[in-house]
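> below is the sequence, then the predicted model.
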Amino acid sequence: MEESRIIKVRSFFDVAVATKAFVIASSKPVALLPIGPQGCGKTTLGLYLACRLRDYEVISQDEIRKAMFRELYPQVSDVGFDKIYEALKPKEPHVRSKAIEMLKSSTKRVVYVDRMNLTSLSRADFILPSRFNVAIFFALPLEEILHRHKNRPDKALAIPDHVVISCFSKVEFPRRDEFDAIVIIRQKVPKAGDQPFQRS
């Protein structure tokens, strides 16, 4: 793989524009791998791009967990993420394998892999030679990430602050030889009440 280009952006809109450029320029389908700890805005960006891009799919490990929980416990309804996460901890390798399988079998032009992708090792299986692989690195301060995490009561119950801090400390900046392109988001990302689906 040639050394990747690095693109610095200030908004989700800029990420959408860059992704459209990758789609036009590459003969391969595009895989977007967000990199960052809990609360940095990965899921929010995935939802935003769903409104901006065609032939697009989100592969979310959280959604895989929810589907797996419903399958294992069909009699349980209206359960929070904390209970789902606790019940499925032993099945995390299966959740990961399912996400990889979905990525490999996807026929969409753009796939967004909604997981933390913190280290080179943890994301290696999601970087496929058959795709144009783009890292989306959330360059946000820890204070902002913790603030956003606290505003997600379902996740905050399941994932205490010390876990978020630990994940933040483990983040490895994407290497140029890992990805075809690296997009760095340097501005604060939209919060839940900020209407993130409007052009910025």
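Nice, I can see it.
> what mean pLDDT does stretch 132-139 get?
Across stretch 132-139, pLDDT averages out at 97.
> pull the distance from that stretch to the chain's centre.
9 Å (CA atoms, centre = their mean, to the nearest Å).
> return the set of buried residues in that stretch.
Using 16 or more other CB atoms under 10 Å as the burial criterion, the residues of stretch 132-139 that qualify are 132-138. Just so you know, the C-beta spots here come from the backbone N, C-alpha and C atoms, and that holds for glycine as well.
> list the contacts for residue 65?
Under the criterion of CB atoms under 8 Å, 6 or more residues apart in numbering, the contact partners of residue 65 comprise 84-85, 88, 95.
> so which one among those residues has the lowest pLDDT?
Across these, the bottom pLDDT score, 76, is held by residue 85.
> now residue 36, nearest residue through space, not along the chain?
Computed as CB to CB, 6 or more residues apart in numbering, the closest residue to residue 36 that is not its neighbour in sequence is residue 138, at 3.5 Å.
> thought the one you found was touching residue 42?
Yes: proximity of residue 138 to residue 42 meets the contact threshold set by CB atoms under 8 Å, at 7.1 Å.
> list phi and psi for the residue nearest to residue 36.
phi -90, psi 100 (degrees, to the nearest 10).
> separation between it and residue 70?
According to CB to CB, to the nearest Å, residue 138 and residue 70 sit 30 Å apart.
> can you check residue 176 too?
When distance is defined by CB to CB, residue 176 is 41 Å away from residue 70.
> those two - which one has more neighbours?
Counting neighbours by other CB atoms under 10 Å for residue 176 and for residue 70 shows that residue 176 has the greater number, 16 against 13.
> tell me the SS of the more buried one?
Here residue 176 takes the coil state, with states given by DSSP: H, G, I helix; E, B strand; the rest coil.
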